[in-house]
Structures are given as C-alpha cells and as structure tokens.
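Asker: all I have is the shape, not the residue letters:
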Ligand SMILES: NC(=O)C1=CN([C@@H]2O[C@H](COP(=O)(O)OP(=O)(O)OC[C@H]3O[C@@H](n4cnc5c(N)ncnc54)[C@H](OP(=O)(O)O)[C@@H]3O)[C@@H](O)[C@H]2O)C=CC1
Ligand SMILES: O=C1O[C@H](COP(=O)(O)O)[C@@H](O)[C@H](O)[C@H]1O
C-alpha cells in the first residue's frame, strides 16, 4: 500500500478506559483524523466499567483536549467512537461485540477491515485472541490484524507460548507487535542516515568506528506502575525491546530493499550475531542499579522501594548499562554500550558513534589531544544530528578545537513531528509492518536477555540502592567503559559549554 493511501478500518481497542488509550491512542487517532490521513474509521472501545457510548465519547474528548491540546473538529471526531462494556474473560459478551462490530461496519462502510488493538495487561492477550476466533469475530470480509502491546512475554519461554497461542488465530503477517521506539522520527532516521550518505556508510565498520553508545535516560520514576515494574525491571522493560531494536538498526547490514521482510530479516541476522554471554560473564558485561531518594528539578523524590511500594529489600533494577559485542566481519571488536534508567539527571535518548582516533596526531601539543569525531543522533527530546569535528583555532596557532556541525537540529522538518503512536497506528491500518517487531526478533532478544535476568534473579545486588535519583546512574557504569579506555560522552555538557563560550 502506498504512503498516501488513506485506510479504512474498524478499530477495536481492548482496554479503552486505560492509561495507554487515554494518553496515546485517542490523541494519535485524533491527529490522523484532523490531518485527513484516514479514509474512514470507527472505534469500539472495550473495558469493564459501565459507560454509555456518550460517556465514553466525553472521555475521548477529555483525553484529546488534555494530550493533543486542541478541539478542532472534536465533536465530529468523537462521533466515530462507540463503547462496549465487556469483561474479556467472559465468552458471552463477545457475541454482542460481534453484532455491534457488524452493525458499525455497515454503518461506516468499513469494508470488513478490522484492527484488534490489545491495550491491556499481557495476561489477557491469549484469552482475547482465543475468544475472537471461537466467537467468530475474526471471520471478517476484509483484513484482520492484531496490534499487540508490550511486554510480549516475560522471558523466551513465556513469549514462545504466547506466540504459539496467538498464531492459532493470526498469521505472522497479521500480527503487529508494537515497539513504540520504532515509531520515533529519529529512530526511523537511523537507516536513512546510514544508507543514504556516502559520508557514513563506508566508515560504518570496525576499521573506523571505535564504539557506539546508546543512552535512554528518564527523569520519571515508576509512578503508578510499581506492580508491573517490580516484576519487570529496566532490563525487560526497556532493554529487551527498545534498546535491542536500536542496536539492530545501527548494526544491521544494508537490506537489499526497503520491504518489511528484507529489513526485518537483516535485523534478525544481526541479533543472531550477538556474542552470547555465559552466566559467569554477566556481571562483567552488565551493570545494574536502583535509585535511592534524590532531587529532580529541585524537588525531593522518594527511593524506588518507597515509590513503587515494594519490599524494602527489592532487588529490581531501575537502571541497566551493558556492553554488547557483535561477532561478524563488520563489527568484530567494536563495543556497543547501552544504558537506560529511571530517575536519572535528564530525559534524553541519544546515540553517540565514536570514530577511531587518527593514526597519528600531527597537531599534538603538550596536554592537547585531538577529540575523536563523534556522530550524535538525538532521538528525544531534541531531534537531530550533530557531528563533532576538529578545526584550527583562529589566529597564529596550529592548535585545534572541536566544533559541532548541526546537521538537522532545530530544522523546520523536525517541528511537530508526529507522535510515534500516530505513525504506528497508521502503518498498522495500511498494512506496513516495517516498524513492528517480527517474532524472530522478539525470540532472539529474549534469549539474550534471559541469561542476564536469570543471573540477576539468583543474586541480590547488595549495593542497592546505588544511585541517587537525579544522578547519571551508578559509578559501576563508568567503570564498565573505563575498563576499555572509554567514557560515556557527556554530549549535553559539551553543548552547554560550547554555548557559554
Ligand atoms: N501506559 C503506557 O504508557 C504504556 C502501556 N503499555 C502497555 O499497554 C497495555 C495497557 O497499559 P495501560 O493502559 O497502562 O493499563 P491500564 O491498567 O491503565 O488499563 C488497563 C485497561 O484494561 C481494562 N481491563 C482490565 N481488566 C479487564 C477485563 N477483565 N476485561 C475488560 N477490560 C479489562 C481496564 O478497564 P476496566 O478497569 O474498565 O475494565 C483498562 O481499560 C499494557 O500491556 C502495558 O504494558 C506499553 C507502553 C506504555
Ligand atoms: O516502553 C516504555 O517506554 C517508556 C519510555 O518511553 P519514551 O518514549 O518516553 O522514551 C518507559 O517510561 C516505560 O517504563 C516503558 O515501559
């Protein structure tokens, strides 16, 4: 389907009174609607609480006003929403849901196309898909697609069982596993930066790249999600999916074309080249942390154990740093460092590609080392690219200084870029699975992650809590890089100092 095709579909949102629907799904659909990207659509919201369709429409309106902050064509927009009060564990109400779906399909002329969006706790995913099949909701005249939220399982075994269950109802090409990082503008830009610039692609290998650093730090804590997070931790919440996907996009071989199959098969090949770790090696390659009380934006925030309301000796990690090695010709010997954590000093997701030093420094003067060339891909909150180069200091000197070439930051292209969910919803309606994860990718990343979580489950980290909220994370993460002679590049600090000078 072309990029300009306007899709038509009925979207059934299971979990329509929940946080994700309110904060992301309704505002994203609204954006698509007001940008005229949809031919025709209707939504059936499904949850247990007893709401009328009118009350549900008011909730949708509130969510759009709060999170999209506009009310242009809002009444017309919410008239597309319907509500079905339904406990997904009860088979009876699927029959009524089927009747409602058929009536709405005819009323809006939706061609029998149906998206089943599971915005609910994962323990319901299997039950819902089974019931959809048993009660005949998947017998549609058009297409049927399942959009499924994370977490997709809690380890390889549970993910495999879930996959087998949903595969009895949906084909792999009908399953859209959401990883919202794949909807982010600059994550989608990684392949474009690599494969459309003669400047980068020839250097994108172990001859010219020293190491790659991927950081995704948050200032938020676990908020209302303590129960989920306590059983997940940063490793399963962020690393298994978002961080591994970014590694795959940065390191995969060029696909022979941009079809979803080709891109996803390159990512799979890359994930297969990750150097496996033995259990004994886990704590050499990976570092974990948990936040203590600290100060963020001038306010004292509680420690994880208090905020999440969990046991006072909880061993759950809220921070992970790790070193991944890729055993293929292109990357042998190049460390990919990743770090992600909650309650850190800033909200920032970025990738730093550090190029190797020049073979000889012609400009060496006492104490003066050339700064390595760095390519920084800013993913959020700022979007853009920075290249750090060395130039001559002005005047009668051969001394060098580092300068920043801002390739895209603050450019008009990046103003008002659509939300990740907006793009992913549209892709799922158009049938473009490129930015969704294939089962083979999910399976391989779980296998890699399982070794780490098994070790961490067995051994408590006695140093927890080991970083104060509002800090850059535990010192062991610096030691991880220092061991290889590297540092986490303090890009924001470099930029700030630059601006001050
Ligand atoms: N919130 C977020 O930012 C993110 C969420 N996700 C994922 O999205 C999914 C949903 O998360 P979130 O919205 O935060 O969860 P919430 O707990 O906020 O919402 C859960 C929803 O499920 C409904 N529900 C619960 N039990 C039943 C039942 N038996 N039958 C019918 N409906 C039921 C609830 O409605 P009611 O009580 O009325 O039945 C509610 O609408 C999860 O898989 C989560 O991991 C992923 C990334 C980010
Ligand atoms: O998937 C998740 O992502 C968010 C971070 O997303 P971002 O787009 O704000 O970077 C994280 O807070 C959450 O714990 C996790 O489940």
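Answerer: Yep, that arrived. From a predicted model like this one, the values you see are computed outputs, not experimental measurements. Ligands and ions are numbered 1, 2, ... in the order given.
Asker: pLDDT on stretch 23-37, on average?
Answerer: Here stretch 23-37 scores 95 as its mean pLDDT.
Asker: stretch 119-136 now?
Answerer: 94.
Asker: try stretch 296-310
Answerer: 96.
Asker: between the two ends of it, how far is it?
Answerer: 21 Å (CA to CA, to the nearest Å).
Asker: for stretch 170-186, same thing?
Answerer: 31 Å.
Asker: what about the helices in the stretch 1-150 of the chain?
Answerer: For the stretch 1-150 of the chain, applying DSSP state H, counting those that start in this stretch gives helices covering 19-20, 26-34, 53-67, 74-78, 92-108, 125-134.
Asker: need the winner for burial among those helices.
Answerer: Neighbour counts averaged per stretch over the helices of the stretch 1-150 of the chain are highest for helix 26-34, at a mean of 23; criterion: mean count of other CB atoms under 10 Å. For the C-beta atoms, the positions are set from N, CA and C on the backbone; glycine is no exception.
Asker: circling back to that earlier point, mind checking which of the helices of the stretch 1-150 of the chain is nearest ligand 2?
Answerer: helix 19-20 (10.0 Å; CB to the nearest ligand atom).
Asker: among the helices of the stretch 1-150 of the chain, which is nearest residue 187?
Answerer: Evaluated with CB to CB, those place helix 26-34 nearest to residue 187, the distance being 16.5 Å.
Asker: and that closest one, what does it pack onto?
Answerer: strand 40-47, helix 53-67, helix 74-78, helix 420-430 (3 or more CB pairs under 8 Å, 6 or more residues apart in numbering; DSSP states H and E).
Asker: could you export the ones you listed as TSV, including mean pLDDT and distance to ligand 2?
Answerer: Putting the helices and strands packed on helix 26-34 into TSV (pLDDT from 0 to 100; distance: least, CB to the nearest ligand atom, whole Å) gives the following:
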stretch	mean pLDDT	distance to ligand 2
strand 40-47	97	20
helix 53-67	96	14
helix 74-78	96	24
helix 420-430	96	7
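Asker: I'd like those as TSV, with distance to residue 155 appended.
Answerer: Putting the helices and strands packed on helix 26-34 into TSV (distance: least, CB to CB, whole Å) gives the following:
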stretch	distance to residue 155
strand 40-47	28
helix 53-67	33
helix 74-78	40
helix 420-430	25
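Asker: follow-up on the earlier one: dump the helices of the stretch 1-150 of the chain to JSON lines, plus distance to residue 302.
Answerer: Formatted as JSON lines, the helices of the stretch 1-150 of the chain follow (distance: least, CB to CB, whole Å):
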{"stretch": "helix 19-20", "distance to residue 302": "21"}
{"stretch": "helix 26-34", "distance to residue 302": "30"}
{"stretch": "helix 53-67", "distance to residue 302": "26"}
{"stretch": "helix 74-78", "distance to residue 302": "38"}
{"stretch": "helix 92-108", "distance to residue 302": "41"}
{"stretch": "helix 125-134", "distance to residue 302": "32"}
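Asker: tell me which of these lies nearest to ligand 1.
Answerer: helix 19-20 (3.4 Å).
Asker: is ligand 1 contacted by that closest one?
Answerer: Yes. Counting by CB under 6 Å from any ligand atom, ligand 1 is contacted by helix 19-20 at 19-20.
Asker: hmm, that helix in reach of ligand 2?
Answerer: No. Between helix 19-20 and ligand 2, judged by CB under 6 Å from any ligand atom, nothing touches; the nearest distance is 10.0 Å.
Asker: that helix: how far from the chain's middle?
Answerer: Centroid separation for helix 19-20 versus its chain: 16 Å, with CA atoms, centre = their mean, to the nearest Å.
Asker: for that helix, what is the average pLDDT?
Answerer: pLDDT averaged over helix 19-20 gives 92.
Asker: okay, how far is it across stretch 458-477, tip to tip?
Answerer: End residues of stretch 458-477 are separated by 21 Å (CA to CA).
Asker: contacts for that stretch, please.
Answerer: 217, 219, 221, 287-296, 301-305, 313-315, 317, 319, 321, 339, 341, 343-345, 488 (CB atoms under 8 Å, 6 or more residues apart in numbering).
Asker: what's the local residue count around whichever residue of the chain sits closest to ligand 1?
Answerer: Nearest to ligand 1 in the chain, going by CB to the nearest ligand atom, is residue 18, at a distance of 2.2 Å. Each residue near residue 18 was counted by other CB atoms under 10 Å, and the total is 17.
Asker: if I pick the closest residue to it other than its chain neighbours, what's in contact with it?
Answerer: Nearest non-adjacent residue to residue 18, counting by CB to CB, 6 or more residues apart in numbering: residue 119, 5.9 Å away. For residue 119, the contact set (CB under 8 Å, 6+ apart) comprises 13-16, 18, 20-21, 25, 149.
Asker: gap between residue 119 and ligand 2?
Answerer: 13 Å (CB to the nearest ligand atom, to the nearest Å).
Asker: got it, and residue 454?
Answerer: Residue 454 is 21 Å from ligand 2, by CB to the nearest ligand atom.
Asker: follow-up on the earlier one: of the contacts of stretch 458-477, which are in range of ligand 1?
Answerer: Of the contacts of stretch 458-477, not one also sits near ligand 1 (CB under 6 Å from any ligand atom).
Asker: in strands, which of the residues you listed appear?
Answerer: Cross-referencing those against strands under DSSP state E gives 217, 287-289, 291-292, 294-296, 301, 319, 321, 339, 341.
Asker: now those as CSV including neighbour count?
Answerer: Output for those, formatted as CSV (neighbours: other CB atoms under 10 Å):
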residue, neighbour count
217, 19
287, 23
288, 27
289, 29
291, 31
292, 18
294, 19
295, 13
296, 19
301, 20
319, 30
321, 27
339, 27
341, 27
